[in-house]
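Visitor: Starting from these lines, generate the structure:
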Amino acid sequence: MTDTAHALSTSRTLWDLLARRAALTPDRPVLLQGDRVLTFGGLRERAERTAAGLYDMGVRPGTVVAWQLPTRLETAVLTFALARLGAVQSPVIPFYRDREVGFALRESKAEFFAVPGVLRGFDHGEMARRLGAKGVFEAYDDLPAGDPSVLPAPPTDGTSVRWIYWTSGTTSDPKGVLHTDRSLIAGGSCLAHALRLSEDDVGSMAFPYAHIAGPDYTVMLLLYGFPAVMFEQFALPDALTEYRRHGVTVAGGSTAFYSMFLAEQRKQPDSPVIPSLRLLAGGGAPKPPELYHAVVREMGVQLTHGYGMTEVPMITMGSPDDTADNLATTEGRPPEGMEIRIVDGEVRLRGEAVCQGYLDPAQTAEAIDEEGFLRTGDLGRVTDGGHLVLTGRLKDVIIRKGENVSAKEIEDLLHTHPGVGDVAVIGLPDPERGERVCAVIEPAEQPPGTRELTLEAVTSYLRAEGLSPHKLPEQLEVVDALPRNETLRKVLKYKLRERYSGTAGASGKAGASGTGGA
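Guide: Residues are numbered from 1 along each chain as shown. Sure thing, here's the model as predicted:
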């Protein structure tokens with residue numbers, strides 16, 4: 001980390017961080033979207049005017065303001081305006097609908113709710129009225145504005161809870177995760193330090209700004225003084241024009257994004273899909289080692305992957321100067337100040353970037369152990385070199401005939417099969433075995449006439465790769481697409497368990513199910 005970035009990382013609040021960066025490089029761009037450019041100084045000035053407009057509406061320090069907005073310049077301005085006031089923000093992913101939004105509004109006790117109006121054919125204002133939301137206002141093209149001279153002094157306490165983020169809802173009702181300005185700055189500092197970026201880089205935000213990755217990435221921009229391209233709606237190949245136009249050097253988001261870029265590269269293998277690109281980076285979902293090697297080999301760029309969650313936006317991160325083996329098989333190392341403890345195989349965390357708990361005190365008590373470490377529910381180990389290796393989820397340990405089977409181990413092996421595009425391995429109830437191993441595969445694009453995947457072919461491949469017989473899948477389902485969430489495209493395994501729990505070897509799309517394990 002440069003001396004300037006290190007000094008900025010000590011900022012007490014997000015507003016303090018923006019003000020200090022704007023004073024250093026007011027005319028440098030920070031956010032790019034289409035033909036629009038917002039500079040660091042412009043972000044500070046627009047945020048202050050918007051803060052004054054919000055103040056006129058009745059927003060005060062501590063007021064809870066929920067917002068469900070897309071990845072736009074205006075969204076960033078609004079969040080920093082709220083940070084200027086010291087309000088409590090509750091970002092809601094734009095794809096959420098009545099059930100999730102209503103839950104977030106009720107649990108957070110939001111006094112105001114910013115919506116985009118009609119977005120992609122859906123009327124968010126009508127939904128807000130239907131849910132009885134308070135203080136509803138639109139914040140898409142236009143934001144509230146006023147005279148900054150009316151504003152009280154900026155907040156100085158960075159350790160008060162000012163953010164309520166919502167877990168992705170991959171299981172049931174989301175949890176309200178409590179963050180402070182300092183925990184978000186600490187998470188972004190970890191990302192910035194690991195990636196070794198400079199003011200000459202150009203980043204990209206292809207994920208929802210309402211995700212915990214929003215402040216994580218924005219803090220990195222403020223620390224290093226470089227811009228990022230914002231994508232309100234991300235889809236390939238359409239988005240490639242903007243990547244090329246702005247000369248993006250760093251892209252990514254999660255494992256699914258790496259796969260999408262790689263698929264585009266394979267359409268034109270002799271020409272770089274984004275000529276300026278030098279690094280793919282992200283986190284949020286497991287990364288198969290084979291995907292790392294394919295990206296480096298075929299795209300000619302480096303790939304660094306990290307480990308984060310809504311509760312801890314950045315835990316570990318691979319660094320461009322790590323070895324290829326570490327980048328392929330680990331999640332990188334933790335930054336200074338992040339303590340990792342392995343208890344009965346579970347990864348537990350303590351440090352400034354860790355959240356303050358949950359809105360529900362009972363959930364906090366369950367998640368934080370007696371020594372103040374957060375239970376992650378992830379299984380892993382730390383190498384002699386300090387790199388973290390994730391081996392699965394507590395819920396992803398399949399107990400078959402009393403033996404533990406790691407879903408991730410099987411998934412990593414299946415990712416090396418040329419016919420597999422993506423895969424999720426789950427445990428299903430079984431009267432004889434307790435649980436049986438089921439592999440749900442999203443096939444890769446194959447030339448016409450390629451043989452379809454079968455359970456026999458898959459188990460033969462895994463045997464040849466050295467997988468123990470008791471771990472072999474006993475059921476195979478082939479699907480057009482795995483179910484995913486709308487943020488970082490994580491596979492929703494609970495939906496697969498719901499879909500196949502009663503199948504007992506029922507046929508998948510390709511008629512590929514059966515019993516093939518030991």
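Visitor: secondary structure element for the residue most central in space within the chain?
Guide: Using CA atoms, centre = their mean, the residue of the chain that lies closest to the mean C-alpha position is residue 284, 4.3 Å off. Using DSSP states H and E, residue 284 sits in no helix or strand.
Visitor: just residue 59 next, same as before
Guide: Per DSSP H and E: residue 59 is located in neither a helix nor a strand.
Visitor: Report the beta-bridge partners for the closest residue to residue 139 other than its chain neighbours.
Guide: With CB to CB, 6 or more residues apart in numbering as the criterion, residue 139 has its nearest non-adjacent residue at 4.1 Å, and that residue is residue 114. No exception for glycine: its C-beta is placed from N, CA and C like everyone else's. Going by DSSP bridges, residue 114 is paired in beta bridges with residue 67, residue 137.
Visitor: burial count for residue 114?
Guide: The number of residues packed around residue 114, counting by other CB atoms under 10 Å, is 29.
Visitor: and what of residue 413?
Guide: The local packing of residue 413 (other CB under 10 Å) involves 23 other residues.
Visitor: ok, now how distant is it from residue 406?
Guide: Residue 413 sits at a distance of 11 Å from residue 406 (criterion: CB to CB, to the nearest Å).
Visitor: got it, and residue 359?
Guide: If you go by CB to CB, the gap between residue 359 and residue 406 works out to 33 Å.
Visitor: And for residue 158?
Guide: Relative to residue 406, residue 158 is positioned 40 Å away (CB to CB).
Visitor: between those two, who's got more neighbours?
Guide: Neighbours per residue, other CB under 10 Å: of residue 158 and residue 406, the larger number sits with residue 158, 22 against 17.
Visitor: Spit out the contact partners of that one.
Guide: Each residue near residue 158 by CB atoms under 8 Å, 6 or more residues apart in numbering is listed here: 11-13, 16, 180-182, 185.
Visitor: okay, these in CSV with neighbour count next?
Guide: Listed next are the contacts of residue 158 as CSV, based on neighbours: other CB atoms under 10 Å:
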residue, neighbour count
11, 22
12, 16
13, 24
16, 19
180, 20
181, 26
182, 20
185, 27
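Visitor: now, which of those lie within helices?
Guide: Within the contacts of residue 158, residues falling in helices by DSSP state H are 16, 181-182, 185.
Visitor: Now do the contacts for residue 33.
Guide: When contacts are counted by CB under 8 Å, 6+ apart, residue 33 touches 72-73, 229-230, 232.
Visitor: Where does pLDDT dip in the protein?
Guide: 168-172, 488, 503-518 (pLDDT under 70).
Visitor: again, 50 this time
Guide: Across the chain, the ranges flagged by pLDDT under 50 are 169-171, 506-518.
Visitor: Domain map for it?
Guide: Domain ranges of the chain: 3-182, 183-334, 401-500, per automatic domain parsing.
Visitor: just these: most buried one?
Guide: Neighbour counts (mean count of other CB atoms under 10 Å) averaged over each of the domains of the chain peak at domain 183-334, with a mean of 21.
Visitor: got the residue ranges for the strands in the stretch 251-400 of the chain?
Guide: For the stretch 251-400 of the chain, strands defined by DSSP state E, counting those that start in this stretch occupy the ranges 279-282, 302-309, 312-317, 339-343, 346-350, 374-382, 388-393, 397-400.
Visitor: out of the contacts of residue 33, which are inside strands?
Guide: Where the contacts of residue 33 overlap with strands, as defined by DSSP state E, the overlap consists of 229-230.
Visitor: Might you report the residue contacts of the spatially closest residue to residue 484 that is not a sequence neighbour?
Guide: Nearest in space to residue 484, with sequence neighbours left out and distances taken as CB to CB, 6+ apart, is residue 491 at 5.7 Å. Taking CB under 8 Å, 6+ apart as the contact definition, residue 491 lies against 285, 422, 424, 482-484.
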